[in-house]
Each structure stands twice: as structure tokens, then as C-alpha cells.
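**Student:** Sequence and computational prediction follow.
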Amino acid sequence: MTLLIVLVSCTVFYVLFVPKSQYVAPPPIDYKNMTDDDFDVITDAPTPAATNAPTQTTCNDGEQDDDETDVDCGGATCKGCDEGLKCNLDADCAGDAIKCDGGTCKKGPTNAPTPSPTPTPTACMGEVKVTSSDFTSANAIIWLYDNADSWGKAKDRCNDDAAYIHLKKAIAPPTGSYALKVPAGDYALMLIDDKNNNGKLDANWMGVPTEGCGASNGAKGGPMGGPSWGDAVFSVVCNQVANVEIELWHM
């Protein structure tokens, strides 16, 4: 197009300003057969080449350059930095165990494995078999105690709340027996022949029992109270039966 404009301009100039005696008509232009080579092609300025990202070449030059966070490590291209070297992100550090902490690659704390909970031991069980041949009624009351303190509070009147086990048991007189499953340990036992079936040990105005009663080991009471824990205590051994024969005392 530029060439065409130039040609036309030159033709007009030649016609207007050149004397006719010197005027020579230019040869006709064959526009139909013109090609791109007949025109000056104007192109855009060349696109500048893209700046290449850091390459492995800069990761081994012994200098901190490009986006490296320390010498030849860190950044998007180079290897991760070892412990103690500078960083901006966790990704700048080598391995999952090293994290970026305050601008420095540091090893995180090693989590100790959580110990398995210690299983609660199952109580070792034994058995108490209570037997007496002195019943006059069909009603038995059993009080089993597992410590001297509760025995001392209840031995005179056999307090239900103080007993480790309190049972009312119908039996066929004159002989009755009953078995109790209990953890291994020390115990003392009181047995009552509850004639009136009121669930307690009856006594007269002087505090003397009016119903048949007895303690383990044949322990006896006296004017100052019932039998002592030390006289009545017996042991229950794991997986064994403690046979407790009680002789009832009747007034």
C-alpha cells in the first residue's frame, strides 16, 4: 500500500511540474499481478523473550541468587535447605521433618508414640461359704464387713449401711448355708437367726441379743460390746473358697 501511494504521488508530481516536452509517461502498473514482495511490509516490534525462571545452573554456583533463600537452596527451583539455613516457607526446607521457624529451617519435635493405656486389672475373686446348724427359724441375716472401721461401728447392732454385704436369706432350719462371691481380701462376718423377720438383731434393755447370733471364727462379745475385728477376721484367697462355720449363740 505504501508503494502504491508513493507511485501515485510521484505520478501527480511528474504531471504537474515536469514540462510537457520532457514528460514521459510511466509504464502502466499491473496491479493484478502485484505480490507482497512489491510492498514494504511493516511489522510490529519484536516480542521480547520471556525471562527464564531460575535454573539448576544457578543452584550450584556457590552464591545466593535468584529466589534462593540461602546459598544454592530454597526457592521454587533449587533443593530444600538443610537445618540451620535460611528460609521463607516450609517448602524452602529439606524434608517433612524440617520446618521454617522464624526464618530458619529447624527440625520439629519428635512426637513420642502414645503409650497404650495400662489395662485395669480385674479383681481376683474368691468365695465365702457361710454355714450354721443352729437355726430355729427360716430367716437368716448375713452381714459381711471388709474393714475394721465399719465393723467397729456396726458390730453391736449390725448396721446395714456399714456392711460390705448385707443379705436376708430364707433357709430351711436347722442347717443353712450360703455362698458369696467377693474379691480376695480380709473380712469378718456376723450371722443372725432373725426369728421375728424384722431384718435386725433384737436385744433386751441391757443390750444383750435376744435372737441367735454369731461371728466368724467363733469370736465372742462381752459386757463392753460385741466381738472384735481382730478375733473375727478371716482371709479370702483368690479362686478359693473360705468355709466359715458359725455357731449361733441363743439367750
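**Tutor:** That came through fine. Residues are numbered from 1 along each chain as shown.
**Student:** does the closest residue to residue 87 other than its chain neighbours belong to a helix or a strand, and which?
**Tutor:** Leaving aside its sequence neighbours, residue 87 sits nearest to residue 100 (CB to CB, 6 or more residues apart in numbering; 4.0 Å). To be clear about C-beta, it is placed using only N, CA and C from the backbone, and glycine gets the same treatment. Using DSSP states H and E, residue 100 maps to strand 98-101.
**Student:** Check which element follows that strand along the chain.
**Tutor:** strand 104-107.
**Student:** and that next one, what does it pack onto?
**Tutor:** strand 98-101 (3 or more CB pairs under 8 Å, 6 or more residues apart in numbering; DSSP states H and E).
**Student:** What strands line up against the strand it packs on, and which way round?
**Tutor:** Neighbouring strands of strand 98-101 in its sheet, by DSSP bridges, are strand 104-107 (antiparallel).
**Student:** Now do the partner strand: everything it contacts.
**Tutor:** 80-87, 92-94, 97-100 (CB atoms under 8 Å, 6 or more residues apart in numbering).
**Student:** Just flag the most distant two among those residues.
**Tutor:** The span of the contacts of strand 104-107, defined through CB to CB, is set by 86 and 97 at 17.8 Å.
**Student:** Between the two, point out the one with more neighbours.
**Tutor:** Just comparing residue 86 and residue 97: by other CB atoms under 10 Å the higher neighbour count belongs to residue 86, 18 against 11.
**Student:** Local confidence estimate at that one?
**Tutor:** The model reports residue 86 with a pLDDT of 93.
**Student:** Please name the nearest non-neighbouring residue to it.
**Tutor:** The shortest distance from residue 86 to any non-neighbouring residue, by CB to CB, 6+ apart, is to residue 70 (4.4 Å).
**Student:** Kindly report the same for residue 163.
**Tutor:** residue 143 is the one closest to residue 163 (CB to CB, 6+ apart), at 4.3 Å.
**Student:** Please enumerate the helices of the protein.
**Tutor:** Remark: helices assigned in the chain by DSSP state H are 2-17, 148-154, 229-232.
**Student:** what about this protein, any weak spots by pLDDT?
**Tutor:** Scanning the chain for pLDDT under 70 picks out 1-56, 110-113, 119-121, 154-162, 172-173, 223-224, 251.
**Student:** Residue ranges of each domain in it, please.
**Tutor:** Taking automatic domain parsing as the reference, the chain has its domains at 2-38, 56-108, 125-245.
**Student:** Could you export those to TSV, including columns for distance to residue 116?
**Tutor:** Supplementary listing: the domains of the chain in TSV, determined by distance: least, CB to CB, whole Å:
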stretch	distance to residue 116
domain 2-38	85
domain 56-108	24
domain 125-245	25
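**Student:** what ranges do the strands span in this protein?
**Tutor:** In the chain, the segments counted as strands under DSSP state E are 98-101, 104-107, 125-132, 139-145, 165-170, 176-183, 185-193, 213-215, 234-236, 241-245.
**Student:** How about residues contacting the last one?
**Tutor:** Yep, that's strand 241-245 we're talking about. With contact meaning CB under 8 Å, 6+ apart, strand 241-245 is reached by 126-132, 179, 187, 189, 216, 234-236.
**Student:** Pipe the residues you listed into CSV and attach distance to residue 207 per row.
**Tutor:** CSV is the format used below for the contacts of strand 241-245 (distance: CB to CB, whole Å):
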residue, distance to residue 207
126, 34
127, 34
128, 28
129, 31
130, 25
131, 28
132, 23
179, 32
187, 25
189, 21
216, 21
234, 26
235, 30
236, 31
